[in-house]
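In: Structure here, sequence nowhere to be found:
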């Protein structure tokens, strides 16, 4: 008898959009045909637990911020865009210095051009301000994680940092 009453309570709980059991008992007094007298008030509903679960916020860690120019460069690719540029580009890549937030944007016809644009960006900075990039931070997009790209960064002494999948908060400067 108690088992069928609990099953009925679970069904009503689901039908009323996962209403809590205390409110269901109040509702029972107003509605004919609901018999929830023997219900346990502490039934566990997996959907309610998942729905109420909160993700902890991402706090900016001051230790990971750059203290000088080119110590940390963020980059990301955006696209494909619905409309193309005059040159036929549907993507763009951004390179952002973490210290001054100076942003360079390069238009791309395809995501595969990111490596060449990074080399151009690096050459521009080294010629203009005579400094070298220390760390490159990006997501784990395929355009950033290639053997050729890794080898180039290793040769230049540039450390690579990648964010965890599906957490744009970790690469927040470019997002």
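Out: Cool, the structure landed. The structure displayed is predicted, hence computed values, not measured ones.
In: Which secondary structure elements does the host helix or strand of residue 152 sit against?
Out: Element membership of residue 152, judged by DSSP states H and E, is helix 147-156. The contact analysis (3 or more CB pairs under 8 Å, 6 or more residues apart in numbering; DSSP states H and E) places helix 147-156 against helix 114-129, strand 159-162. (Glycine included, C-beta is placed from N, CA and C.)
In: Select from the ones you listed the stretch with the lowest mean pLDDT.
Out: Of all the helices and strands packed on helix 147-156, mean pLDDT reaches its minimum on strand 159-162 (a mean of 89).
In: List the neighbouring strands of that one plus their orientation.
Out: Paired neighbours of strand 159-162 in the sheet (DSSP bridges): strand 135-138 (parallel).
In: so for the strand it pairs with, what's the average pLDDT?
Out: The model assigns strand 135-138 a mean pLDDT of 90.
In: please begin residue numbering at 32 from this point
Out: Sure thing, new numbering starts at 32, so read that last one as strand 166-169.
In: Name the residues that touch that strand?
Out: With CB atoms under 8 Å, 6 or more residues apart in numbering as the test, strand 166-169 has contacts from 102-107, 129, 149, 175, 184, 189-194, 202, 204-205.
In: Stretch 117-135 too?
Out: Outside stretch 117-135, the residues touching it (CB under 8 Å, 6+ apart) are 96-112, 115, 136-142, 144-145, 148-149, 152, 155, 168, 204-205.
In: at 7 Å what do you get?
Out: With contact meaning CB atoms under 7 Å, 6 or more residues apart in numbering, stretch 117-135 is reached by 96-97, 99-112, 115, 136-142, 145, 148, 152, 204-205.
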